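Undergrad: Kindly return the folded structure for what I paste below:
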Amino acid sequence: MKSKNQRLHRIDAVNRAEDGPSEIIWVGALARLKPGISRAQAQAEMSAIAARLAREHSDPNSGLRVAPLKGSTTSDVGRNISQFALGLSGFVLLIACVNLANLALSASREAFHQCTV
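TA: Predicted structure coming up:
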């Protein structure tokens, strides 16, 4: 049985204008496939929808693509960099908390010494 993450797919809609590469319009969506529906079946249906939209709007340069979500959002390098940045920011936050605790402890110790003298 497939897990829930394996049935989650990304749908990319691309419209390339004839004016040049600066006129590319891209829209993405997330969709979960029904149980028993393969990616090829979903791609065939999305291709039929894209063809119908191209006929209705006189735009032969558009297309729809179905891709699995796992691995399509970030690469391994991007994921490693994100994890490193998260760990580094957590470490900096830990140092800040230790410094604040140290300041509070030294202030309370100073107040205690003033009371005893």
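
Undergrad: State the mean pLDDT of the lengthiest helix in the chain.
TA: For the chain, the helix with the greatest residue count under DSSP state H is helix 76-116. Across helix 76-116, pLDDT averages out at 89.

Undergrad: other SSEs contacting that helix?
TA: Here helix 76-116 touches no other helix or strand, going by 3 or more C-beta pairs under 8 Å, 6 or more residues apart in numbering; DSSP states H and E. C-beta: built from backbone N, CA, C; applies to glycine.

Undergrad: Could you break the chain into its assigned domains?
TA: Domain segmentation of the chain under automatic domain parsing yields 4-68, 74-117.

Undergrad: Report how many residues lie close to Leu103.
TA: 10 (other C-beta atoms under 10 Å).

Undergrad: cool, and Arg39?
TA: Arg39: 14 surrounding residues under other C-beta under 10 Å.

Undergrad: Then Leu64?
TA: 20.

Undergrad: Hmm, Ala48 and it touching each other?
TA: No: Leu64 lies out of contact with Ala48 (C-beta atoms under 8 Å); the separation is 9.4 Å.

Undergrad: Overlap of the contact sets of the two?
TA: The contact sets of Leu64 and Ala48 do not overlap (C-beta atoms under 8 Å, 6 or more residues apart in numbering).

Undergrad: Which strand or helix spans Ser47?
TA: Applying DSSP states H and E as the criterion places Ser47 in helix 39-57.

Undergrad: counting contacts, what elements does that helix pack onto?
TA: On a contact count with 3+ C-beta pairs under 8 Å, 6+ apart, helix 39-57 meets strand 8-16, strand 62-68.
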